[in-house]
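[1] Fold the following.
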Amino acid sequence: MLEGLSEMVDKVWSDHAATQLEATVQFRKLLSDGKNSTMIKIIRADVLPRFAEFLSRQRPPQLQMEAAWVLTNIAASDYTLLVAECGAVPRLVELLESPDANIRHQATWALGNIAADMPSCREIVLDHGAVTPLLAQFKEDMKVSVLRTATWALSNLCFGKLPAEVQVKPILEIVSLLIHSADEKILADACWALYYICDGVEGGIQDALDAGVCPQLVKLLMHASANILLPVIMSLARISAGDDTQVQVIVEQGILPCLAQLLARNYPKIIKKQACLIVSNITAGSKDQIQAVIDADVMNHVIVLLKTSETDLKKEAAWAISNAASGGSSDQIQYLVSRGCLEPLCNVLKYQDVDLVYTCLEGLQNILEEGDIGKQRNESAMNPYAQFILENGGLDNLEDLQDFDNDAVYKLAMKLLERYWDEEVSDDANLTASKDHPAENVETVQPEDTAQPPVAASSVDGTE
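    Predicted structure coming up:
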């Protein structure tokens, strides 16, 4: 058919409506071969503006549909920007209000393809006011296939930073209904739209909470499909990055028992990383929120991951433990230590992540301060937590931080070294093996023989 391309082009530019329709159908069929070479020849024929023009023609009735179909296929290729810039977008937006349901569906599909390509294309669609007429589609009794297309297109429009003039609340009204869909494709795209809003819109987290999405999101954490679970847990992770009040909403909706199951079972690593991220955001909050994590048995699973997982997953687990240790009460810190968090926390000091290492140091500082309280209360000669760190090689990792290329990390590491080990070091040089000259006469207790250090005694009334 490519041999007759010139004739098809001539027909497209004809003044006769029937001839125009015939040529447009031929182009649509020609594009069905999916070949890039075919696409290039059609692009070079410079017929896109003509098809954009046909979108405004109501006679013959099929011409709008066929032109929209042609542009939909081209927008799905590497030449989306050409469709976005040929004058088609405002006409496609107008077709969202067509009395013909098939034409509305095709226009939605075309706009979804354009918005999916790149930020500049999405901005063109948004600038021409596509959101409001697109949302109007959901008020009708649509077929599942049409609803899938509309939800997917809406998700594409929500990706990235939405312009200030776009009203988010009407979108969330629709999304809050779509996340109850039994259709997995609709459900997945609706959850992605929700994540995009929470992630890319100022005030989006609170808007999502106001729309009442949290109960269903938490429920979906137990969905069997990873295609659903990923956007769900990413949405909840974004919400968990809000303030303490916003975080409390998902805690009260019962997210923690779900997270415990996700961390305990054989889920994909990306799911477990997101689960740890949520836990770390919660443990960065109030002491009550830290206690909620402990009470739900989530922290035990996080500590297991910190000990046994791959490095990138260990980092996420380390954030959760470090945050809890940094902001926890005396009893909470004793709980963490009793579950064996000290040794893996000391191992985190080997990482090159400045923020993580510093937060870990803050956690260790808080733990050591609690150890000092126990030392004084029990009239012991040694801080039990400092002793445990010394016996299990953690002191070497702290000393290595003297060469860390960050001033704040260096200063906090030195502060801990001088406060908790300087006296012992000066009394017995053999206990402080340097990196270059390890002391051979120090008997090191193996980690498996000291699964956890002695827990410092709490105060009489159990308070901090």
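[2] pretty sure residue 209 is touching residue 248, no?
    No. At 10.4 Å, residue 209 does not count as touching residue 248 under the criterion of CB atoms under 8 Å. Quick note: C-beta positions are derived from backbone N, CA and C, even for glycine.
[3] ok, residues contacting stretch 347-358?
    Stretch 347-358 is contacted from outside by 306, 311, 314-315, 318-319, 322, 360-361, 394, 397-398, 400-401, 404, 406, 408-409, 412, using CB atoms under 8 Å, 6 or more residues apart in numbering.
[4] ditto for stretch 212-227
    Contact with stretch 212-227 is made by 172, 175-176, 179-180, 184, 187-188, 191, 194, 208, 228-229, 232-233, 235-236, 239, 249-250, 253-255, 258-259, 261-262, 267-268, 271, as judged by CB under 8 Å, 6+ apart.
[5] Quick one: buried ones out of the residues you listed?
    172, 175-176, 179, 187-188, 191, 194, 208, 228-229, 232-233, 235-236, 239, 249-250, 253, 255, 258-259, 262, 267, 271 (16 or more other CB atoms under 10 Å).
[6] State the pLDDT value of residue 326.
    If you check residue 326, the pLDDT there is 87.
[7] how near is it to residue 360?
    9 Å (CB to CB, to the nearest Å).
[8] Where does residue 313 sit, in terms of helix or strand?
    helix 311-327 (DSSP states H and E).
[9] So which elements touch that helix?
    For helix 311-327, the elements it packs on are helix 269-283, helix 287-295, helix 298-308, helix 330-338, helix 342-348, helix 354-378, judged by 3 or more CB pairs under 8 Å, 6 or more residues apart in numbering; DSSP states H and E.
[10] try 6 Å
    Applying 3 or more CB pairs under 6 Å, 6 or more residues apart in numbering; DSSP states H and E, one finds that helix 311-327 contacts helix 269-283, helix 298-308, helix 354-378.
[11] Now render these as CSV, adding mean pLDDT.
    Below are the helices and strands packed on helix 311-327 laid out as CSV (pLDDT from 0 to 100):
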stretch, mean pLDDT
helix 269-283, 96
helix 298-308, 91
helix 354-378, 88
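[12] Name the stretch among the ones you listed that sits most buried.
    Among those, ranked by average contacts under mean count of other CB atoms under 10 Å, first place goes to helix 269-283 (a mean of 24).
[13] Does the helix or strand hosting residue 156 pack against any helices or strands, and if so which?
    Taking DSSP H and E as the definition, one finds residue 156 inside helix 144-158. Other helices and strands packing on helix 144-158, by 3+ CB pairs under 6 Å, 6+ apart, are helix 101-117, helix 184-200.
[14] Number of residues surrounding residue 195?
    Residues near residue 195, counting by other CB atoms under 10 Å, number 26.
[15] residues contacting it?
    231, 234, 235 (CB atoms under 6 Å, 6 or more residues apart in numbering).
[16] from those residues, which ones fall inside helices?
    Applying DSSP state H to the contacts of residue 195, the entries found in helices are 231, 234, 235.
[17] about what we covered before: and the helices and strands packed on helix 311-327 as CSV, adding distance to residue 166?
    Shown next, in CSV, are the helices and strands packed on helix 311-327 (distance: least, CB to CB, whole Å):
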stretch, distance to residue 166
helix 269-283, 27
helix 298-308, 37
helix 354-378, 33
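[18] Is residue 380 in a helix, a strand, or coil?
    Under DSSP: H, G, I helix; E, B strand; the rest coil, residue 380 falls in the coil class.
[19] From here on, call the first residue 115.
    Happy to do that; since the first residue is 115 now, the last one works out to residue 494.
[20] What is the burial count for it?
    Neighbours of residue 494 using other CB under 10 Å come to 16.
[21] That one and residue 487: what is the separation?
    11 Å.
[22] shouldn't residue 168 be in contact with residue 179?
    No. Using CB atoms under 6 Å, residue 168 makes no contact with residue 179, being 9.7 Å away.
[23] Switch the helices and strands packed on helix 258-272 over to a markdown table; also include mean pLDDT.
    Output for the helices and strands packed on helix 258-272, formatted as a markdown table (pLDDT from 0 to 100):
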| stretch | mean pLDDT |
| --- | --- |
| helix 215-231 | 96 |
| helix 298-314 | 96 |
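[24] so which of the ones you listed gets nearest residue 238?
    helix 215-231 (7.2 Å; CB to CB).
[25] Not counting the closest one itself, show me its contacts.
    When contacts are defined by CB under 6 Å, 6+ apart, helix 215-231 is touched by residues 178-179, 182-183, 185-186, 189-190, 194, 198, 206, 209-210, 212, 235-236, 239, 244, 260, 263-264, 266-267, 270-271.
[26] Give me the most central residue, this protein.
    residue 348 (3.9 Å; CA atoms, centre = their mean).
[27] That one - nearest residue in space that isn't next to it in sequence?
    Spatially, and ignoring its direct neighbours in sequence, residue 348 is nearest to residue 309 (5.0 Å; CB to CB, 6 or more residues apart in numbering).
[28] pull the helix or strand with minimum mean pLDDT from this structure.
    helix 536-541 (a mean of 50; mean pLDDT, DSSP states H and E).
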